[in-house]
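Enquirer: predicted model, plus sequence, below.
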Amino acid sequence: MPYIIETATIIPLNRKDINMWAAEHWKEYEIIDTSDGEKLERWGRYLLIRPDPQVIWNTPKTNPEWKIRNGHYHRSSRGGGEWEFFDLPEQWSIHYGSLTFNLKPFSFKHTGLFPEQAANWDWISEKIKSAGRPVKVLNLFAYTGGATLAAAAAGASVTHVDASKGMVNWAKENARSSGLADAPIRWLVDDCVKFVEREIRRQNKYDAIIMDPPSYGKGPKGEIWKIESSVFPFIELCTQILEKKPLFFLVSSYTTGLQPAVLSYMMNLAIARRFGGFVEADELGLPVHDSGLILPCGASGRYSGPDNF
């Protein structure tokens, strides 16, 4: 059990006081410490310092690893920022179970992976393995393929859709590294809304849908996507391509306004009332080594079909 030492008194920390889906099974990733708007992370052999808006506390940076970082992303007062590198390769890999992820630091602090999503990968995997039937999954705004690989490794056939060709190629690279090059994954570079509209016309159906939509974006004809006004109609649209007995529907968000209760409300209205089943929603989180606490990292809503909870 983690402890805080305060004036010679040892106070145990009770993480059970906070309800959160924490990604606690990483072996090659961890948050070491957090302070002053930043987090110190271990990604395999390398240490990175990246900004995090949730870190609003300013505690002493006593851990010496703050000073031996391999990469540091500095935010700019004008917006954005830039990386400063110290003996960091252009690319390296880390593993989560049987999955391998290739990392490449790029614009706006990103590495190509959101490690807190491992909590959802575990949930997805369990759902698919226990389904007792073939499972067809659609992953929208699929990024570098963490959920795609988790679903494929669990035995599902997956359609992976992202508007960025670079991200889809990166996801394919992760699949090859994970031994899933020949898995039944359909890779598509497409606008997610347009793709779903075409799937409705084609009368294609899916057992499960995963989405991690951006806060803001533009469609191929300049259509504006704002998550606060766009995500609920899009969830409703997606219900038209769900099988009559869906297995699951997963929605993740890093937008402040989409708290777990909001995700739960939307998914109950759009999905559970139509198909039956059950919705649960919570914050995602990552353990922090030095404090023994959990750092919140966005939120997810999870729908389970009536035969699957």
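Expert: Sure thing, it's come through.

Enquirer: tell me the gap between stretch 73-82 and the middle of its chain.
Expert: Chain-centre distance of stretch 73-82: 23 Å, with Cα atoms, centre = their mean, to the nearest Å.

Enquirer: quick check, central residue of the chain?
Expert: Residue closest to the average C-alpha location in the chain (Cα atoms, centre = their mean): residue 117, at 3.5 Å.

Enquirer: which outside residues touch the host helix or strand of residue 33?
Expert: If you go by DSSP states H and E, residue 33 is part of strand 29-35. Applying Cβ atoms under 8 Å, 6 or more residues apart in numbering, the contact partners of strand 29-35 are 39-44, 47, 52, 55, 57-61, 63, 65-66, 94, 96, 115, 286-291, 295. Backbone N, C-alpha and C define where each C-beta goes, glycine included.

Enquirer: just to revisit the earlier point, assign the residue nearest to the centre of the chain to helix, strand or coil.
Expert: Classification of residue 117 using DSSP: H, G, I helix; E, B strand; the rest coil returns helix.

Enquirer: and it, what does it touch?
Expert: 23, 146, 147, 212, 252, 284.

Enquirer: can you tell me which residues contact the first one?
Expert: Read it as residue 23. Contacts for residue 23 (Cβ under 8 Å, 6+ apart) come out as 115, 116, 117, 118, 119, 284, 285, 286, 287.

Enquirer: and the contacts of residue 117, which two are furthest apart?
Expert: Maximum pairwise distance among the contacts of residue 117 (Cβ to Cβ): 14.5 Å, between 23 and 212.

Enquirer: for the host helix or strand of residue 231, name the packing helices and strands.
Expert: Per DSSP H and E, residue 231 falls inside helix 227-238. Counting contacts by 3 or more Cβ pairs under 8 Å, 6 or more residues apart in numbering; DSSP states H and E, helix 227-238 is packed against helix 192-202, strand 208-211, strand 248-253, helix 260-267.

Enquirer: what does it rub up against?
Expert: Identification of contacts with helix 227-238 by Cβ under 8 Å, 6+ apart yields 138, 140, 192-193, 196-197, 200, 209, 211, 213-216, 249, 251, 253, 255, 257-258, 266-267, 269-271.

Enquirer: kindly recompute the last result at 6 Å.
Expert: Outside helix 227-238, the residues within contact range by Cβ atoms under 6 Å, 6 or more residues apart in numbering are 196, 209, 213, 215, 255, 257, 266, 270.

Enquirer: give me the neighbour count for residue 287.
Expert: 17 (other Cβ atoms under 10 Å).

Enquirer: with adjacent residues omitted, what lies nearest to residue 264?
Expert: Distance criterion Cβ to Cβ, 6 or more residues apart in numbering; nearest residue to residue 264, sequence neighbours excluded, is residue 281 at 3.9 Å.

Enquirer: just give me the neighbour total for the residue nearest to residue 91 when sequence neighbours are not counted.
Expert: Nearest residue to residue 91, sequence neighbours excluded (Cβ to Cβ, 6+ apart): residue 104, at 4.9 Å. Per other Cβ under 10 Å, the neighbour tally for residue 104 reads 15.

Enquirer: and stretch 109-127, end to end?
Expert: 32 Å (Cα to Cα, to the nearest Å).

Enquirer: list the buried ones in that stretch?
Expert: Neighbour-count burial for stretch 109-127, with 16 or more other Cβ atoms under 10 Å as criterion, is recorded at 109, 111-125, 127.

Enquirer: among these, which are in helices?
Expert: Those of those mapping onto helices are 118, 119, 120, 121, 122, 123, 124, 125, 127, per DSSP state H.

Enquirer: using CSV, lay out those residues together with distance to residue 303 and pLDDT.
Expert: What follows is those, written out as CSV (distance: Cβ to Cβ, whole Å; pLDDT from 0 to 100):
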residue, distance to residue 303, pLDDT
118, 20, 98
119, 16, 98
120, 13, 98
121, 17, 98
122, 17, 98
123, 11, 98
124, 12, 98
125, 17, 98
127, 11, 98
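
Enquirer: okay if I get those residues as CSV plus distance to residue 178?
Expert: CSV is the format used below for these (distance: Cβ to Cβ, whole Å):
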residue, distance to residue 178
118, 14
119, 19
120, 17
121, 12
122, 16
123, 19
124, 15
125, 13
127, 19
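
Enquirer: now do the same contact list for residue 22.
Expert: 285, 294.
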